[in-house]
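Student: Any chance you could fold what I've pasted below:
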Amino acid sequence: MKQSVRYCLIFFGLCFVLVLFAITAIVISYPRYEAMTFPDGKKFAFTICDDTDRSTVENVKPVYDLLQEFNMRTTRAIWVYPTNDSTNWANWGETLSDSLYRMFVLDLRDKGFEIASHGIRGGVSHREEILAGMDYFKDVIGYYPRIHINHSLNPDNIYWGRNKIELKPLRALYDLVMDRKLFAGHVPESEFFWADFVQKHIKYMVNFSFHEINIAAVNPLVPYHDPDKPFVKYWFHTSDGRAVNEFNDLLSPENLDQLENEGGVCIVYTHFGFNFVENGVCDSTFTERIKDLASRDGWFVPASEILDYMIKHGQGGGDLSFTQRVYLEFRWLYEKLIYGST
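Tutor: Presented below is the predicted three-dimensional model:
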């Protein structure tokens, strides 16, 4: 038994080394990002995708008041229904079923913030309930979401977990060290299948998140279509600022200088429900970061508006190449193992 485990570890170790050599060769020749031009001569583009986990009106409204004060319009992902699995703390949070929260979300919409989907709930939902929930989303918000973000351990997640990775050596490494829970939102024979709705109504989905302020420096093709994941029109990757400390580190003055100097694009993935507000007041460092950001000549609009612009101006919209896939998947898995990235 011990010998078989040893051989298994050797095999995966060799796979890892081979992939590392491949990545080294790719990085040397990888196409570098060229600065974009943005509307009104803005020097860079910036927005936020706020994941609704653990969010309430009380713990996120001060953040949106601050963003509104500095004329920043961002993207807010929401749930429709309450959780049916409160054992997972990530499922906690208010939803469109809560009247005060619904009023808050509609106010954000009316102020120009984008309302996106985080699924119909945190927990287990089957196809019929998902489709009904998306219709309710449209009835309340006035449109189907243009962006969907998978949630945590929801079995209806689309191309999630090990399915985020197509390269077999990297998927084998993922299976070896990560949770092998299966997700079936993209599997037609599954009771959780709803990817046909996504294909018809939702334009963008979040895939990988990186420790990088300029997402176009990771892969200049933003957004992109992945032919191996046909139910999704376009994928985009994000900058990892998943909680208040990570967000503040990401938006350091040095990183913002880099974003501005590179003429880059930053779409931060975060959770404003994760300690951005205490006793009704925004974290002081976060407030300073937003003030610094607002003082710079950036284009601050919701995520789908930036992604539409990048497609229109030829920066994104194409098919993901093999070289780009290898780089994205390897870098994401590396950061996942080292930092626990999303």
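Student: most centrally placed residue in this structure?
Tutor: Nearest to the geometric centre of the chain sits residue 206, at 4.0 Å (CA atoms, centre = their mean).
Student: got a list of what that residue touches?
Tutor: By CB atoms under 8 Å, 6 or more residues apart in numbering, the residues touching residue 206 are 49, 147-150, 235-238, 269. Yep, even glycine has a C-beta here, placed from its N, CA and C like the rest.
Student: what does residue 104 give?
Tutor: 57, 61.
Student: And the pLDDT for it?
Tutor: According to the predicted model, the pLDDT of residue 104 comes to 98.
Student: which element is it on?
Tutor: Residue 104 is located in helix 99-110, with elements delineated by DSSP states H and E.
Student: what distance separates the start and the end of stretch 304-322?
Tutor: This stretch, stretch 304-322, spans 25 Å end to end (CA to CA, to the nearest Å).
Student: Centre of the chain to that stretch, how far?
Tutor: 16 Å (CA atoms, centre = their mean, to the nearest Å).
Student: Which of the three states applies to the closest residue to residue 118 other than its chain neighbours?
Tutor: Spatial nearest neighbour of residue 118, excluding adjacent residues (CB to CB, 6 or more residues apart in numbering): residue 77 at 4.0 Å. Here residue 77 takes the strand state, with states given by DSSP: H, G, I helix; E, B strand; the rest coil.
Student: What about residue 77, how many residues nearby?
Tutor: If you count neighbours by other CB atoms under 10 Å, residue 77 ends up with 25.
Student: now do the one 4 residues further on
Tutor: If you count neighbours by other CB under 10 Å, residue 81 ends up with 18.
Student: surely it meets residue 98?
Tutor: No - using CB atoms under 8 Å, residue 81 is not in contact with residue 98; the gap is 10.3 Å.
Student: The chain: strands as residue ranges?
Tutor: Counting by DSSP state E, the chain has these strands, from start to end: 44-50, 75-78, 114-117, 147-148, 204-210, 234-240, 265-270, 277-278, 281-282, 298-300.
Student: Quick one: distance of the fourth one to the chain centre.
Tutor: Read that as strand 147-148. Distance, stretch centre to chain centre, for strand 147-148: 9 Å (CA atoms, centre = their mean).
Student: so residue 35 sits right up against residue 263, yeah?
Tutor: Yes - assessed by CB under 8 Å, residue 35 is found in contact with residue 263 at 2.8 Å.
Student: who's more crowded, these two?
Tutor: Comparing residue 35 with residue 263 by other CB under 10 Å, the one with more neighbours is residue 263, at 18 against 13.
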